[in-house]
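1. show me the folded form of this:
(chains A and B)
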Amino acid sequence: MSKAESSEPVVANGRPEEIRAVPVRHPGRWVGAAVTLIIALSLINSAVNNPRIEWNVVGDYLFDSSVLDGVLLTVELTVLCMVAGILIGVLMAVLRLSPNPVLSGLSWLYIWFFRGLPRLVLILFVFFISALYPQITIGVPFVGPVLASFNANTIVTAFVAGFAALSLSEGAYMAEIVRAGLLSVDDGQTEAAHALGMSRLQTMRYVTLPQAMRVIVPPTGNETISMLKDTSLVSIIALADLLYTVQLIYARTFKQIPMLVVAIAWYLALTSLLYVGQYYLERRFGRGAARSLPPTPRQRVAAFWRRRRSAEGSA
Amino acid sequence: MSDSLPKLPAVTKGTGPMVKAEALHKRYGSLEVLRGVDLEVQRGEVVCVLGPSGCGKSTFLRCVNHLEPINSGRLWVDGELVGYTQRGDRLHQLPEREIAASRSAIGMVFQRFNLFPHMTAEQNITLAPIKVLGISRDEARERARVLLNRVGLGDRGGSYPAQLSGGQQQRVAIARALAMEPKLMLFDEPTSALDPELVGEVLDVMRGLAADGMTMLVVTHEIAFARNVADTVVFMDAGVIAESGPPSNVLDNPQLARTKAFLREVS
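-> Residues are numbered from 1 along each chain as shown, chains lettered A, B, ... in the order given. This is a model prediction of the structure:
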């Protein structure tokens, strides 16, 4: 009986006391963490203290002007290809869901073709397209007059080839992502919009697509990170992106590892930047999904300092 | 509450019935959901449709604004064929634009509200008037303000649907439909998805609408609402109208055994 009495809650101000129980111990977690930490430290140690990594060379070239030009080209290509890819993707997804069988068939064919080809093959093929079509002519098919005609060799530079190949390929993947997003929106939404007298396009533009964005943004962030890395494929057609630039340098200096470490550092830095962008995009399109949005890291830090200051003020 | 108010005539062009259905049939594959529905809804009339689940009452409602195309029979709203036009003795499908235009004059309220979750209550109400009717943003906002007050949510215009209770969401949905100034309102079990204590606030709004003379076609399980508000109660069963008439006849003195059985079940 005395035991039971001792665990009776102490009632103060009409409310039972806050529970301050001894937490369950997790010795396994501590062992696991220690082993992981030791392995990680030894790996870092083996790399950092390896003289052959030549940190001084890495430092010399990290902000070298030719490397920076390469970074810029990689970023440019990523942004342009993603913008074009998203536009193609939205168009193809809308066509794919069209009630017109010709349009949805066309979209199916596009996705089948460009998703079925390795990006490396596509880049090479577009780069050498002037061998297939030496002259590119715009006019009315079969009968009509010629409006314009270009020499394919002057139009399809390495940059154009890389941009076109990666955009076309990305468009096929984005089409499937956008389609999944559009299908994820409840049918009741389309019905409600139609019942209000909105057309199919208005419904898509104002009701379905904005809601699909919540589903579309995370995989698109994923695609952007993939694209940032896949732009390195254009090094095969001698386009001076980040990878090709460091290759040029180590072909001259034979510092392969330090130069690749430079490339690795830049790729990691750029993907990290994309994480931040994705976080805020997801918040933007998450409106209405939750009753209230969680605070951003910046708001959390600000709140922390506010709390500290008020605690100091009261102390 | 407002029984003493005279019913205002609905502002429309024609004089015949607002809705007229003749021998309406609707199939899904081999399943015949509607098997010859004949019904007239007069201007300013409130018609409540009752019936066991699966009897086709929701399908019928969705045919009225052509969310579902019908397979045979004829359906007119405000004197015009729904979804088709007749040239000579052949029916031609209406293009999407014209179907949309005729839908814009028919308000619809859904069981699951179907508010646009990425927009505030006010944006939900102003979207279609701006994009479909082409009125100015300011005018649409003013219209939304008046309507939100009317459904008792004057202070919630800035709330997203997820921040509102079910009853509040349904009242915003009613305001959204009213913002198009419809000549006919369709209600598809508007209180079936609500917690019992929230049903009253939605029915109050509908009662007010009926008192203002709105033509209403209401699919519902609320027998008390049908008894107090409806001019005509229609009992549907197995895809046909089994019994119809004033509430005092259909609800209090049903003729058919299946009507009696259904009323025993729900009350």
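2. surely B:V234 touches B:C48?
-> Yes - assessed by CB atoms under 8 Å, B:V234 is found in contact with B:C48 at 7.0 Å. Where C-beta positions appear, they are placed from N, C-alpha and C, glycine not excepted.
3. point me to the residue of chain A nearest chain B.
-> A:G197 (2.5 Å; CB to the nearest CB).
4. quick one: B:L203 from B:F187, how far?
-> Distance check for B:L203 against B:F187: by CB to CB, to the nearest Å, it reads 10 Å.
5. between the two, which is the more surrounded one?
-> B:F187 (27 against 20; other CB atoms under 10 Å in any protein chain shown).
6. please name the nearest non-neighbouring residue to that one.
-> B:V218 (4.3 Å; CB to CB, 6 or more residues apart in numbering or on different chains).
7. could you check how many residues crowd around that neighbour?
-> B:V218: 28 neighbours (other CB under 10 Å).
8. ok, now which ones touch A:L120?
-> A:233, A:236 (CB atoms under 8 Å, 6 or more residues apart in numbering or on different chains).
9. so which helix or strand takes in it?
-> For A:L120, the enclosing helix or strand under DSSP states H and E is helix A:119-127.
10. helices of the stretch 1-150 of chain A, residue ranges please.
-> If DSSP state H, counting those that start in this stretch is used as the criterion, the helices of the stretch 1-150 of chain A fall at A:2-6, A:27-48, A:55-62, A:65-96, A:101-116, A:119-127.
11. repeat for the stretch 101-250 of chain B
-> Under DSSP H, counting those that start in this stretch, the stretch 101-250 of chain B gives helices at B:121-128, B:137-150, B:166-178, B:196-211, B:223-229, B:247-250.
12. Provide a list of residues in contact with the residue of the stretch 101-250 of chain B found nearest chain A.
-> For the stretch 101-250 of chain B, the residue closest to chain A is B:S104, as judged by CB to the nearest CB, at 2.5 Å. Each residue near B:S104 by CB under 8 Å, 6+ apart is listed here: A:196-197, B:128, B:132-133, B:180.
13. return a PyMOL selection command for the buried portion of these.
-> In PyMOL syntax, the buried subset of those is picked out as below (16 or more other CB atoms under 10 Å in any protein chain shown):
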select buried, (chain A and resi 196+197) or (chain B and resi 128+132+133+180)
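14. now the contacts of B:S104 in JSON lines, with distance to B:A257?
-> Putting the contacts of B:S104 into JSON lines (distance: CB to CB, whole Å) gives the following:
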{"residue": "A:L196", "distance to B:A257": "41"}
{"residue": "A:G197", "distance to B:A257": "42"}
{"residue": "B:A128", "distance to B:A257": "45"}
{"residue": "B:V132", "distance to B:A257": "47"}
{"residue": "B:L133", "distance to B:A257": "48"}
{"residue": "B:M180", "distance to B:A257": "42"}
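15. and the furthest pair within the contacts of B:S104?
-> A:L196 and B:L133 (9.9 Å; CB to CB).
16. list the residues that contact both of those two?
-> B:104, B:180.
17. contact partners of stretch B:240-251?
-> Residues contacting stretch B:240-251 (CB under 8 Å, 6+ apart): B:34-39, B:48, B:51, B:223, B:226-227, B:230-236, B:254-256, B:258-259, B:263.
18. quick check: residues of the stretch 101-250 of chain B near chain A?
-> By CB under 8 Å from any CB of the partner chain, the residues of the stretch 101-250 of chain B that approach chain A are B:101-108, B:110, B:112, B:114-119, B:127-128, B:131-132, B:160-163, B:176-177, B:180.
19. which among those residues count as buried?
-> B:102-108, B:110, B:112, B:114-119, B:127-128, B:131-132, B:160-161, B:163, B:176-177, B:180.
20. tell me which of those fall in strands.
-> Members of those lying in strands (criterion: DSSP state E): B:106-108.
21. okay but B:M216 is in contact with B:V49, surely?
-> No - under the criterion of CB under 8 Å, B:M216 makes no contact with B:V49, lying 10.7 Å away.
22. higher neighbour count, the two?
-> A direct count of neighbours by other CB under 10 Å for B:M216 and B:V49 places B:V49 higher, at 28 against 24.
23. spit out the contact partners of that one.
-> Per CB under 8 Å, 6+ apart, neighbours of B:V49: B:57, B:60-61, B:217-220, B:234, B:236.
24. so which of these comes closest to A:V246?
-> Once CB to CB is applied, the member of these that ends up nearest A:V246 is B:L61, at 66.9 Å.
25. redo the helices of the stretch 101-250 of chain B as a markdown table? Include mean pLDDT.
-> Output for these, formatted as a markdown table (pLDDT from 0 to 100):
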| stretch | mean pLDDT |
| --- | --- |
| helix B:121-128 | 97 |
| helix B:137-150 | 96 |
| helix B:166-178 | 97 |
| helix B:196-211 | 94 |
| helix B:223-229 | 94 |
| helix B:247-250 | 94 |
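26. as CSV, these with distance to A:L87 would be great.
-> Shown next, in CSV, are the helices of the stretch 101-250 of chain B (distance: least, CB to CB, whole Å):
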stretch, distance to A:L87
helix B:121-128, 25
helix B:137-150, 28
helix B:166-178, 32
helix B:196-211, 43
helix B:223-229, 51
helix B:247-250, 58
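27. what separates B:V132 from A:L196, distance-wise?
-> 7 Å.
28. where do the contact lists of those two overlap?
-> B:104, B:180.
29. any low-confidence regions in the chain?
-> No chain in the question, so chain A it is. A:1-13, A:287-293, A:313-315 (pLDDT under 70).
30. the chain in question should be chain B.
-> Scanning chain B for pLDDT under 70 picks out B:1-14.
31. so which residue is dead centre in it?
-> Nearest residue to the geometric centre of chain B (CA atoms, centre = their mean): B:L186, 0.9 Å.
32. so who does that residue touch?
-> B:61, B:64-65, B:106-109, B:216-218 are the contacts of B:L186 under CB under 8 Å, 6+ apart.
33. beta partners of it?
-> Beta-bridge pairing for B:L186 (DSSP bridges): B:M108, B:L217.
34. could you measure from it over to A:L124?
-> 59 Å.
35. kindly report the same for B:L50.
-> From B:L50 to A:L124 the distance is 69 Å (CB to CB).
36. neighbour count winner among those two?
-> B:L50 (28 against 16).
37. got phi/psi on the residue of chain B positioned farthest from its centre?
-> For chain B, the residue at maximal distance from the C-alpha centroid (CA atoms, centre = their mean) is B:G88, at 31.9 Å. For B:G88, the backbone dihedrals (degrees, to the nearest 10) come out as phi 60, psi -130.
38. swap in the one 5 residues further on?
-> With angles defined as degrees, to the nearest 10, B:Q93 shows backbone torsions of phi -70, psi 140.
39. could you tell me the end-to-end distance of stretch A:89-105?
-> For stretch A:89-105, the first-to-last residue distance is 15 Å (CA to CA, to the nearest Å).
40. for it, what is the distance to the chain centroid?
-> 25 Å (CA atoms, centre = their mean, to the nearest Å).
41. can you pull the buried residues of it?
-> So, applying 16+ other CB under 10 Å, buried residues of stretch A:89-105: A:89-97, A:104.
42. Serialize the residues you listed to a markdown table and add fields for distance to chain B.
-> Listed next are the buried residues of stretch A:89-105 as a markdown table, based on distance: CB to the nearest CB, whole Å:
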| residue | distance to chain B |
| --- | --- |
| A:G89 | 20 |
| A:V90 | 17 |
| A:L91 | 20 |
| A:M92 | 22 |
| A:A93 | 18 |
| A:V94 | 15 |
| A:L95 | 17 |
| A:R96 | 19 |
| A:L97 | 15 |
| A:S104 | 17 |
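43. for chain B, what are the nearby residues on the stretch 51-200 of chain A?
-> A:186, A:188-189, A:191-200.
44. of the residues you listed, which qualify as buried by neighbour count?
-> Of those, these count as buried by 16+ other CB under 10 Å: A:189, A:191-200.
45. out of the residues you listed, which are inside helices?
-> Counted as lying in helices by DSSP state H, out of those, are A:189, A:191-195, A:200.
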